[in-house]
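> The following comprises the amino acid sequence and a computationally predicted model.
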2 protein chains.
Amino acid sequence: MTNFRFELIATDSAARAGKIVTAHGEVPTPVFMPVGTYGAVKTLTPEELAEGGAKIILSNTYHLYLRPGSDLIRRLGGLHSFMGWKGPILTDSGGFQIVSLTELSKITEEGVTFRSHLDGTSHHLTPELAVKIQEELGSDIAMCLDEVVHPTGDRQTLEAAVDRTLRWAGRCLTARTSERMALFGIVQGGTDLELRVRCAREMTAMGFDGYAVGGLALGEQREQTWEVVQATVEALPSDRPRYLMGMGTPGDLLEGIERGIDMFDCVMPTRNARNGTLFTSRGRLSIKTAALKEDINPLDPSCSCFTCRNFTRAYLRHLYITKEMLGFRLCTIHNLSYYHQLVSGARDAITSGSFAAYKSAAEEGWKSREAG
Amino acid sequence: MTNFRFELIATDSAARAGKIVTAHGEVPTPVFMPVGTYGAVKTLTPEELAEGGAKIILSNTYHLYLRPGSDLIRRLGGLHSFMGWKGPILTDSGGFQIVSLTELSKITEEGVTFRSHLDGTSHHLTPELAVKIQEELGSDIAMCLDEVVHPTGDRQTLEAAVDRTLRWAGRCLTARTSERMALFGIVQGGTDLELRVRCAREMTAMGFDGYAVGGLALGEQREQTWEVVQATVEALPSDRPRYLMGMGTPGDLLEGIERGIDMFDCVMPTRNARNGTLFTSRGRLSIKTAALKEDINPLDPSCSCFTCRNFTRAYLRHLYITKEMLGFRLCTIHNLSYYHQLVSGARDAITSGSFAAYKSAAEEGWKSREAG
């Protein structure tokens, strides 16, 4: 077994407050993980990430495998040391990027053959290699290589992908050599609830450190997404963390938490920040709007982040208009901090048994038009 | 008179250590001023600027006049408040950008007519307006509008520009209404030493708070540059600060200090950082070099900046290759900190009467090939 541990601290209906213990420290859950694609959460230093409330970050195996190479990162002491982040790191398996970024991926039982989106060179990723790369990176939580297919595909395709995902998960478990790296299984099955439940049960039988719900928010109806999350979570053990991959909006976080999800990641807060879309307690705010030209209020008067403590909307708008990188930074700091505050507020609410009221109040706030 | 004051603290041959007192605090000299074109030193927060050793920054009248507008900045409380920088700010007059960035500038005795490089709109800048804009920005040190011509132009052109620069300087003095804003005259005259000396003397007779040497490093031979600096400085009063505009390399800083210059500005440390060229005690280092791929040393082992304390060359190279904004930031932090350390070391050396040895040692270090 690994050094990894999950403790359930409180529940409020299906919502859970807990704690993940890793080789690089503890993570209170529910938690949002900022995405650091290339070993850096875009624009930010590790210091700023921590100051903004990040407890754990996600980094992408596919991208780091290509640049600078996981073997190089291993020789330099691992990803924590390379990027200067002292907290836990979760890495994905690379499977999703291969499907979404590379054109000529060929999937066989052995693994995935793909061409780099950077230089067209050919690569072959197997479940065993996905684990090896994540061990080279020094990941605290690794993900199994899974087969992602369109969630509303036909039953046969979905079932074949689930079965392959299960076989690959078994190979990942066998391939792991690191004592300190946790390994999560990923539940697939598209929007087919029966398949999802079977996948969750068989995955659980294999005994992973945690379980992810994968392959969602890929075009299915949003009601279907939450049906799948709920059915999957109900089929998973309560003593292991549950991670909803790649979602989403602030609203998605609360919907997921309500259904018993403990971990989230998404590029949305960081990417939207660079596009000038800010998340606030009163809904989304576009920093480009001319209406903000002389607005000396902070982005979100209820927010205590570095950006809101120190800069006005007028200045942030000016930085956006003049394409100053400082603007991308300050907006990223705010959006991430907003996500962290939202999730940590949810944790407090769960602990005090008031999550439903917390969620309604947040949703009421987002409907307000005052922000933008 | 203004709140502005200059104190000469020590001299070492022509080199000087001093102190400038402004409405926003004191500045030990010699000093290097980072350039914050649009009310932000590219990629950095005011906090980081200060942490890196910045005591005063420069901002560009031309750019801020166009975006977001100096009237808007005035209404929002001035540039210090707008950008969150608590220390002194020097602003240029806009004259240089008009000549270098706009195509259709027409210069008459009244002022300069130009088209915005952004949207082609026509604008008219006079000495009076240049002062007014800088007062609206809330500048601590304003510059007179001057006429910049090519430094090796013919005597007649140079002389006409000097005479106009002197008349415009007089109009700027008259136009100033702010008690707390210092105003510097700019000495022109190209590479004609006689003209430079006359301009310096006539400018001095008008009684400015400080004097700048302008119109250099625009294509003349480097020996000519230093001849002009030396001749000009000798014709300026010793009880006022002397500012060499727009230069330059670390070597230029020491050459200038040796000849009695107190203040410098240049985009070089910030712009080069974004292009991956780092200044170190062992000479320039290109962060792109494949040789740095596994180099776990800091950029400059003699440097104590945030970047050198926390990150390796290998990581900075990786950030550069993957175009991560964090890389631009970390390199900017280092280059500026290197400049500040160099100049503050020069100040200590002047105070202890060892500037010549300090300069030789620095120059020896730059010749070392170990860095690159």
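Looks like it came in fine. Numbering: from 1, shown residues only, chains lettered A, B, ... in the order given.

> Lowest mean pLDDT among the helices and strands, pick that one out for chain A.
Every helix and strand of chain A was ranked by mean pLDDT, DSSP states H and E. The lowest is helix A:95-101, at a mean of 84.

> May I see the buried residues of that helix?
Buried residues in helix A:95-101, counted by 16 or more other C-beta atoms under 10 Å in any protein chain shown: A:Gly95, A:Phe96, A:Gln97, A:Ile98, A:Val99. In short, each C-beta sits where N, CA and C put it, glycine included.

> Please apply the same query to stretch A:274-284.
Neighbour counts using 16+ other C-beta under 10 Å place A:Arg274, A:Gly276, A:Thr277, A:Leu278, A:Phe279, A:Thr280, A:Ser281, A:Arg282, A:Gly283 of stretch A:274-284 among the buried residues.

> Nearest to chain B among the buried residues of helix A:95-101?
Checking the buried residues of helix A:95-101 against chain B with C-beta to the nearest C-beta, the nearest one is A:Gln97 at 14.2 Å.

> nearest spatial neighbour of the closest one, skipping sequence neighbours?
Nearest in space to A:Gln97, with sequence neighbours left out and distances taken as C-beta to C-beta, 6 or more residues apart in numbering or on different chains, is A:Tyr62 at 3.7 Å.

> Where does the prediction get shaky in chain A?
The model of chain A has pLDDT under 70 over residues A:1-2, A:103-104, A:369-372.

> how about a cut-off of 90?
Applying pLDDT under 90 to chain A picks out residues A:1-3, A:94-106, A:117, A:148-153, A:179, A:368-372.

> For the stretch 151-300 of chain A, just list every one of the strands.
With DSSP state E, counting those that start in this stretch as the criterion, the stretch 151-300 of chain A has strands at A:182-187, A:210-213, A:242-244, A:263-265, A:277-280, A:283-286.

> List the contacts of A:Pro301.
Contact analysis of A:Pro301 by C-beta atoms under 8 Å, 6 or more residues apart in numbering or on different chains lists A:Cys308.

> Same question for A:Ser302.
A:Thr280, A:Ser281.

> Can you name the residues of the stretch 201-350 of chain A that neighbour chain B?
A:293-294, A:296, A:310-312, A:314-315, A:318-319, A:321-322, A:324-330 (C-beta under 8 Å from any C-beta of the partner chain).

> So among those residues, which ones count as buried?
A:311-312, A:314-315, A:318-319, A:321-322, A:324-330.

> thinking again about what came up before, against which helices or strands is the least confident helix or strand of chain A packed?
Applying 3 or more C-beta pairs under 8 Å, 6 or more residues apart in numbering or on different chains; DSSP states H and E, one finds that helix A:95-101 contacts helix A:61-66, strand A:112-115.

> okay, the ones you listed in a markdown table with mean neighbour count next?
Output for the helices and strands packed on helix A:95-101, formatted as a markdown table (neighbours: other C-beta atoms under 10 Å in any protein chain shown):
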| stretch | mean neighbour count |
| --- | --- |
| helix A:61-66 | 24 |
| strand A:112-115 | 20 |
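
> was I right about the residue nearest to A:Gln97 contacting A:Thr91?
No: look at A:Tyr62 against A:Thr91 with C-beta atoms under 8 Å: they stay out of range, at 9.8 Å.

> what residues are up against the residue nearest to the spatial centre of chain A?
For chain A, A:Asp265 is the residue whose C-alpha lies nearest the centre (C-alpha atoms, centre = their mean; 1.5 Å). Contact analysis of A:Asp265 by C-beta under 8 Å, 6+ apart lists A:Phe32, A:Met33, A:Pro34, A:Val35, A:Leu58, A:Leu90, A:Tyr243, A:Met245, A:Gly246.

> now could you export just the CA positions of stretch A:212-228 as PDB?
Written as PDB, here are the backbone C-alpha positions of stretch A:212-228 (Å, rounded to 0.1, in the frame of the first residue of the first chain):
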ATOM      1  CA  ALA A 212     -12.600   9.100 -10.800                       C
ATOM      2  CA  VAL A 213     -15.600   9.700 -12.900                       C
ATOM      3  CA  GLY A 214     -14.300  10.300 -16.400                       C
ATOM      4  CA  GLY A 215     -15.600  10.900 -19.900                       C
ATOM      5  CA  LEU A 216     -18.200  13.500 -19.000                       C
ATOM      6  CA  ALA A 217     -19.000  17.100 -20.100                       C
ATOM      7  CA  LEU A 218     -18.100  15.900 -23.600                       C
ATOM      8  CA  GLY A 219     -21.300  16.900 -25.300                       C
ATOM      9  CA  GLU A 220     -24.000  15.000 -23.400                       C
ATOM     10  CA  GLN A 221     -27.000  16.900 -21.900                       C
ATOM     11  CA  ARG A 222     -26.200  18.400 -18.500                       C
ATOM     12  CA  GLU A 223     -29.000  16.500 -16.700                       C
ATOM     13  CA  GLN A 224     -27.400  13.300 -18.100                       C
ATOM     14  CA  THR A 225     -24.100  14.300 -16.600                       C
ATOM     15  CA  TRP A 226     -25.500  14.600 -13.100                       C
ATOM     16  CA  GLU A 227     -27.500  11.400 -13.400                       C
ATOM     17  CA  VAL A 228     -24.300   9.600 -14.300                       C
END
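
> Which residues does it contact?
Contacts for stretch A:212-228 (C-beta under 8 Å, 6+ apart): A:96, A:143, A:146, A:148-152, A:184-191, A:193, A:196, A:229, A:232-233, A:242-248, A:252, A:255, A:259, A:261.

> Buried only: go through those for me.
Neighbour counting with 16+ other C-beta under 10 Å marks A:96, A:143, A:146, A:148-151, A:184-191, A:193, A:196, A:229, A:232-233, A:242-248, A:252, A:255, A:259, A:261 as buried within those.
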